[in-house]
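Participant: just coords:
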């Protein structure tokens, strides 16, 4: 018999990504594209199992920008999920939504950020925000789990009311740092 009567007793820990499907649904985002990533795994699984969304796997992040533009022209809102290293794969394609005033929401999990141990993630990770801003993307940052919901909500409103690309950078302090060895995690994400 359970003796703890707190509403959250026995509940699984809250993931940073838990509020995102409802935010997407409330803003009528129907297509979500992504290149698979460990930091996005929980969100990807949730969206895959939710019939309100069509999850589209990509071979590179630039395809997601083109997909989002085509979806918008067809009357459907979409979003892209990516890791910060994928920003480099879509910089040129970002000129499309910027010049054509097509709204675009990007959720970007950061590498090369707090606690990074992989030297290959450092160059773009350190400059992701700068790179996005330099091509005209509005950048918002969530540095802890408590900021994610409001930051993503604000970004959705901004993207779809101003017809601009907006990126939400999810700090590595939220998703946790990874060891350079495959599958090893050295720092747990903030709760």
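Facilitator: Everything's here; your move. Please read all numbers here as calculations on a predicted model, not as lab measurements.
Participant: CA atoms for contacts and neighbours, from now on please.
Facilitator: OK.
Participant: specify the beta-bridge partners of the residue positioned nearest the centre of the chain.
Facilitator: By Cα atoms, centre = their mean, the chain has its centre lying nearest to residue 107, at 2.0 Å. Here residue 107 sits in beta bridges with residue 81, residue 168, going by DSSP bridges.
Participant: ok, it touching residue 165?
Facilitator: No: Residue 107 is not in contact with residue 165 according to Cα atoms under 8 Å; the separation is 11.0 Å.
Participant: in this structure residue 166 contacts residue 141, no?
Facilitator: No: using Cα under 8 Å, residue 166 is not in contact with residue 141, being 10.7 Å away.
Participant: and for residue 17, nearest residue in space, chain neighbours not counted?
Facilitator: Distances taken as Cα to Cα, 6 or more residues apart in numbering place residue 43 nearest to residue 17, at 5.7 Å, with adjacent residues excluded.
Participant: what does the helix or strand containing that neighbour rub up against?
Facilitator: Using DSSP states H and E, the element containing residue 43 is helix 41-48. Here helix 41-48 makes contact (Cα atoms under 8 Å, 6 or more residues apart in numbering) with 15, 17-18, 20-21, 36, 53-55.
Participant: and it, what's buried?
Facilitator: 43-44, 47 (16 or more other Cα atoms under 10 Å).
Participant: try stretch 101-112
Facilitator: Buried residues in stretch 101-112 (16+ other Cα under 10 Å): 102-112.
Participant: just stretch 133-150 next, same as before
Facilitator: 136-145, 148-149.
Participant: and what of stretch 167-180?
Facilitator: By neighbour count on 16+ other Cα under 10 Å, the buried set for stretch 167-180 is 167-178.
Participant: what's the answer for stretch 87-100, then?
Facilitator: Those would be 87, 90-91, 94-95, 97-98, for stretch 87-100 by 16+ other Cα under 10 Å.
Participant: likewise for stretch 55-74?
Facilitator: Neighbour counts over stretch 55-74 (16+ other Cα under 10 Å) mark 55, 60-69, 71-72 as buried.
Participant: nearest to residue 155 among the residues you listed?
Facilitator: residue 68 (15.6 Å; Cα to Cα).
Participant: now that closest one. Nearest residue, chain neighbours left out?
Facilitator: residue 78 (5.6 Å).
Participant: now do the SS call for the one you found.
Facilitator: Look at residue 78: counting by DSSP: H, G, I helix; E, B strand; the rest coil, its state is strand.
Participant: what's the burial count for it?
Facilitator: Neighbour count of residue 78, defined by other Cα atoms under 10 Å: 28.
Participant: ok, it touching residue 70?
Facilitator: No: with contact defined as Cα under 8 Å, residue 78 does not count as touching residue 70 (9.7 Å).
Participant: end to end on stretch 26-35, go ahead and measure it.
Facilitator: With Cα to Cα, to the nearest Å as the measure, stretch 26-35 spans 24 Å from end to end.
Participant: could you find the closest non-adjacent residue to residue 104?
Facilitator: residue 165 (4.3 Å).
Participant: show me what contacts the one you found?
Facilitator: 97-98, 102-106, 136-138, 159.
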